[in-house]
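Asker: Show me the folded form of this:
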Amino acid sequence: MNQLKKYTLAVLMLLGMVASEVNAQCMVNTFDDIKPGRRKSASEFREQEGQDFPIDTIQYIGPEAINFVLLGDGYTATQQRKLLSDAKKLYNAMFQKTPMNKYKRWFNLYAIEVISNESGISHPGVLRDGVYVCPEGSSMPIKNVDTYFGIHFDSYNIHRLPCPDNSTKIYNLLAAIMPDFQMVGILCNTTEYGGAGGSYLTCTMHNSASEIFIHEFGHTFASLADEYYAGDNYLGEYVNQTTTSNSNTIKWKHWWGDSGVGAFPIGGSTKGDRYYKPVNGTCEMEYLNKQFCPVCREAIIEELHRRVPVIAEYEPSEKTVTMDEEEITFNITRYYKGLSPNKVNFEWQLNSKVLEGETTSQLVLRNGAFDPTKASNTVRVKANEVNPFVKDPKHASKHTSSVTWRVKLSDEIVGVEAFTYDDFSVESVSGGLRLKSEKPHTLTIYNLQGHKVAHVNVCGEDMINLPAGIYIVDGKKMLVDK
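Answerer: As a prediction, the model looks like this:
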């Protein structure tokens, strides 16, 4: 199971739909903090909590896909249908944004119904001069709401940062109800503006919820930084933020000059002037209602490939097979790729040697293709998605999916008198082997010790004189008598 990392928290803060970031650690607990001995079964957890936590499966692709689950906070028992509707709305919005519009079928999508006693999200305010007030002057009433996870505004004196005081309830629920989660978001049942990204994302149901959700997904899924100044403490080395401005050495040099990519100062302070972003004002990580810039787009695809193997299902399903027929078929029966023009390249190898011209998802090998002197042969296929949104040359080597089979030659075929392929035959006769081939055919004959005794090019009919004994011909054992 992939464990979620602790990433920088981010919050959408400024009017005009500009994203702003906070590095406050409001999500301090992770799934690793729950020791296995303390995890309850789903039935035990449901009994303990007094509710069922139904799982709504919005989309299921397969066990290799990423398990993305949305939870709700501030949704009462009568609002669970609204939670499901909100979850579908945000999922749909995310998969309309490039590059996610090409990768919907890389995700299993779920919503878990979580009942809160009261509707909405708390707005506790901060204590100033003996009075609780909103740190940013929001007109939202100061109040506490009884919700399951206790998510509230005003975290770390930032109104639009909705976080719980403790994340343990989130991870206890996941450990019991969906332990194989890989990506988590919590929808906050309020129309007040806010969101955060970190070990999990939070998002309110403001009118801009879809864009908030997508922005926070960028933080949580791909560890993207905001592309604007949020304070000196929040500057650092990220996929899309760096101190290098040299086009030859900058981490996104392979995108330099493409779609406006360059090195633009983040600004805001003397230190901020020394940090650079890939584009200026055109990325979803700086402004809402934009697209992800090429650098962020590539980072998202990199993370997709890190989590999802391109090869999903294959035949034979067993990794060790015995070659006891004239031919064997290796087949990748299901594999992942994005939508057109993305494609998957296949490379097949036999005993570490690339088989030129074999580039489809299927390979057929006849018995004679294998080396009879080896205890076992290996067949390997490597698959890599070719994507126009990926230029980093390191990507293909880092994220290639592969399957390897061990092929054992049968020990049972001894004393064969003759065998025939469509255009080639071998017959055991007194004193040797008679070969017939309609087309030019190269043949190597070995003795049982693995030593080569003959290597011939056959076209038409030929006779190979051999002492009495057992020989390996095209992977089959043939008896030659006197």
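Asker: Can you give me the end-to-end span of stretch 88-107?
Answerer: Taking C-alpha to C-alpha, to the nearest Å, stretch 88-107 runs 13 Å from one end to the other.
Asker: ok so Arg46 is a helix residue?
Answerer: Yes: the assignment for Arg46 (DSSP: H, G, I helix; E, B strand; the rest coil) places it in a helix.
Asker: How confident was the prediction at the residue nearest to Ala418 when sequence neighbours are not counted?
Answerer: Setting aside the residues directly before and after it, Ala418 is nearest to Glu427 in space (C-beta to C-beta, 6 or more residues apart in numbering), at 4.3 Å. Quick note: C-beta positions are derived from backbone N, CA and C, even for glycine. With respect to pLDDT, Glu427 scores 89.
Asker: what's the answer for Asn2, then?
Answerer: Asn2 is given a pLDDT of 35.
Asker: The closest residue to His441 other than its chain neighbours: helix or strand, and which one exactly?
Answerer: Closest residue to His441 apart from its sequence neighbours, by C-beta to C-beta, 6+ apart: Val458 at 4.8 Å. Using DSSP states H and E, the element containing Val458 is strand 452-465.
Asker: Partner strands of that strand, with direction?
Answerer: If you go by DSSP bridges, strand 452-465 pairs up with strand 432-447 (antiparallel).
Asker: got the contact list for the partner strand?
Answerer: With contact meaning C-beta atoms under 8 Å, 6 or more residues apart in numbering, strand 432-447 is reached by 368, 372-373, 423-428, 452-466, 469-474, 478, 480.
Asker: ok, and for that strand, which residues are buried?
Answerer: Neighbour counts over strand 432-447 (16 or more other C-beta atoms under 10 Å) mark 432-433, 435-437, 441, 443-447 as buried.
Asker: Next: stretch 224-238.
Answerer: For stretch 224-238, by 16+ other C-beta under 10 Å, it's 224-230, 234-235, 238.
Asker: From those residues, pick the one nearest Ala196.
Answerer: Nearest to Ala196 among the buried residues of stretch 224-238: Asp226, at 12.1 Å, using C-beta to C-beta.
Asker: Now do the residue nearest to Glu237 when sequence neighbours are not counted against Ile266, distance only.
Answerer: Spatial nearest neighbour of Glu237, chain neighbours left out: Thr243 (7.3 Å); criterion: C-beta to C-beta, 6+ apart. Using C-beta to C-beta, to the nearest Å, Thr243 is found at 10 Å from Ile266.
Asker: who touches both of the two?
Answerer: 275-276.
Asker: Between these two, which is the more surrounded one?
Answerer: Between Thr243 and Ile266, counted using other C-beta atoms under 10 Å, the more crowded position is Ile266 (23 against 13).
Asker: where exactly do the strands run in the stretch 301-450 of the chain?
Answerer: For the stretch 301-450 of the chain, the strands defined by DSSP state E, counting those that start in this stretch cover 311-315, 320-323, 327-335, 343-350, 353-354, 362-366, 377-386, 401-409, 418-420, 424-429, 432-447.
Asker: okay, the angle between the third one and strand 311-315?
Answerer: It stands for strand 327-335. Angle of strand 327-335 versus strand 311-315, following axes from the mean of the first three to the mean of the last three C-alpha atoms, to 10 degrees, is 150 degrees.
Asker: other SSEs contacting strand 327-335?
Answerer: With contacts defined as 3 or more C-beta pairs under 8 Å, 6 or more residues apart in numbering; DSSP states H and E, the packing partners of strand 327-335 are strand 311-315, strand 343-350, strand 362-366, strand 377-386, strand 401-409.
Asker: now with 6 Å?
Answerer: Using 3 or more C-beta pairs under 6 Å, 6 or more residues apart in numbering; DSSP states H and E, the elements in contact with strand 327-335 are strand 311-315, strand 362-366.
Asker: who does that strand pair up with?
Answerer: Strand 327-335 has its sheet partners listed here by DSSP bridges as strand 311-315 (antiparallel), strand 362-366 (antiparallel).
Asker: Go through the last one and flag the buried ones.
Answerer: So the one you mean is strand 362-366. Those would be 363, 365, for strand 362-366 by 16+ other C-beta under 10 Å.
Asker: ok, Arg380 touching Gln349?
Answerer: Yes: between Arg380 and Gln349 there is a contact under C-beta atoms under 6 Å: 4.5 Å.
Asker: before we move on, back to that, okay, and the beta partners of the residue nearest to Ala418?
Answerer: Bridge pairing for Glu427 (DSSP bridges) gives the partners Ala418, Arg434.
Asker: about what we covered before: give the buried subset of the contacts of strand 432-447 as a PyMOL selection command.
Answerer: This is how PyMOL selects the buried members of the contacts of strand 432-447, with burial counted by 16+ other C-beta under 10 Å:
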select buried, resi 368+372+424+426+427+428+454+458+462+464+466+471+472+473+474+478+480
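Asker: about what we covered before: distance to Ser138 for the helices and strands packed on strand 327-335 - can I get that in CSV?
Answerer: Shown next, in CSV, are these (distance: least, C-beta to C-beta, whole Å):
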stretch, distance to Ser138
strand 311-315, 47
strand 362-366, 61
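Asker: Leu90 sits in which helix or strand?
Answerer: For Leu90, the element it lies in under DSSP H and E is helix 80-94.
Asker: Distance-wise, check Thr444 relative to Asp371.
Answerer: From Thr444 to Asp371 the distance is 9 Å (C-beta to C-beta).
Asker: Repeat that for Phe389.
Answerer: From Phe389 to Asp371 the distance is 41 Å (C-beta to C-beta).
Asker: How about Arg334?
Answerer: Following C-beta to C-beta, the distance that separates Arg334 from Asp371 is 30 Å.
Asker: out of the two, which sits in the more crowded spot?
Answerer: It is Asp371, of Arg334 and Asp371, that has more neighbours when counted by other C-beta under 10 Å, with 17 against 13.
Asker: for the record, mean pLDDT for stretch 230-249?
Answerer: 93.
Asker: how many other residues sit next to Gly137?
Answerer: Neighbour tally, Gly137, other C-beta under 10 Å: 7.
Asker: List the backbone torsions phi and psi for the nearest residue in space to Met178 that is not next to it in sequence.
Answerer: What sits nearest to Met178 in space, not counting adjacent residues and going by C-beta to C-beta, 6+ apart, is Val69, at 5.6 Å. With angles defined as degrees, to the nearest 10, Val69 sits at phi -120, psi 140.
Asker: what is Val69 paired to in the beta sheet?
Answerer: Going by DSSP bridges, Val69 forms beta bridges with Tyr110, Val184.
Asker: need the contact list for it.
Answerer: By C-beta atoms under 6 Å, 6 or more residues apart in numbering, Val69 lies in contact with 110, 112, 178, 181, 184.
Asker: Now pLDDT and neighbour count too, for those residues, in CSV please.
Answerer: CSV is the format used below for these (pLDDT from 0 to 100; neighbours: other C-beta atoms under 10 Å):
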residue, pLDDT, neighbour count
Tyr110, 98, 22
Ile112, 98, 20
Met178, 96, 18
Phe181, 96, 25
Val184, 97, 24
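Asker: can you give me the helices in the stretch 101-250 of the chain?
Answerer: 168-177, 209-222 (DSSP state H, counting those that start in this stretch).
Asker: Any chance you could list what contacts the longest one?
Answerer: Put plainly, it is helix 209-222. Residues contacting helix 209-222 (C-beta under 6 Å, 6+ apart): 7, 10, 12, 19, 90, 93-94, 97, 195, 197, 201, 203, 224, 284-285, 288-289, 299-300, 303.
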